[in-house]
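*Asks:* have a look at this prediction, sequence included:
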Amino acid sequence: MKTAVHFDDFRHAFNSIRPDNFSREGLEQLFDYIESYERDNDEDIELDVISLCCEYSEQHWKAIASDYSIDIDSTESEEKQKQHVMDYLCDSTSVIGSTSDDKFIYQNF
């Protein structure tokens with residue numbers, strides 16, 4: 001048996017188990033990504049919050065730069081620094097999206 005999961009169900013599942021892993025905006029992007037993956041691959045993904053939290057992250061670009069020791073040129077504009085982090089992520093993993101508060105949602109690697 002399978003049950004269709006709507007965004008509110010998805011958000012509730014995360015908020016009840018791991019409320020601090022993703023922002024609402026991040027969850028919306030992750031939900032859309034998973035739905036798109038399911039459509040494109042004709043495959044159903046099980047809603048496993050713990051597994052998804054292990055597989056995907058949402059972090060501010062500065063934290064990502066620090067965590068992955070990305071060499072950032074401090075003389076460049078913040079936008080260029082942020083783009084450098086995005087380029088690094090795109091070269092290294094799947095990037096789901098970015099939020100309005102300068103966080104990236106990406107597949108852990």
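*Replies:* Received the coordinates, thanks.

*Asks:* going by C-alpha atoms from here, please, whenever you check contacts or count neighbours.
*Replies:* Fine.

*Asks:* what about the helices in the protein?
*Replies:* Counting by DSSP state H, residue ranges of the helices within the chain are 7-17, 24-41, 49-55, 61-67, 78-92.

*Asks:* what pLDDT is listed against the residue nearest to His60 when sequence neighbours are not counted?
*Replies:* Leaving out its chain neighbours, the residue that sits closest to His60 by C-alpha to C-alpha, 6 or more residues apart in numbering is Lys103, at 3.9 Å. Looking at Lys103, its pLDDT stands at 98.

*Asks:* ok, which of the helices of the chain comes nearest Ser98?
*Replies:* Relative to Ser98, the nearest member of the helices of the chain by C-alpha to C-alpha is helix 24-41, separated by 7.6 Å.

*Asks:* so how far is Ser94 from Glu38?
*Replies:* 16 Å (C-alpha to C-alpha, to the nearest Å).

*Asks:* rewinding a little: the helices of the chain: which one's closest to Thr99?
*Replies:* Ranking these by distance to Thr99, with C-alpha to C-alpha as the measure, places helix 24-41 first at 6.4 Å.

*Asks:* and the closest one, what does it pack against?
*Replies:* helix 7-17, strand 95-98, strand 103-107 (3 or more C-alpha pairs under 8 Å, 6 or more residues apart in numbering; DSSP states H and E).

*Asks:* ok, Gln81 - how many residues close by?
*Replies:* Neighbours of Gln81 under the rule other C-alpha atoms under 10 Å: 20.

*Asks:* leaving out chain neighbours, which residue sits closest to it?
*Replies:* Distances taken as C-alpha to C-alpha, 6+ apart place Ile72 nearest to Gln81, at 6.1 Å, with adjacent residues excluded.
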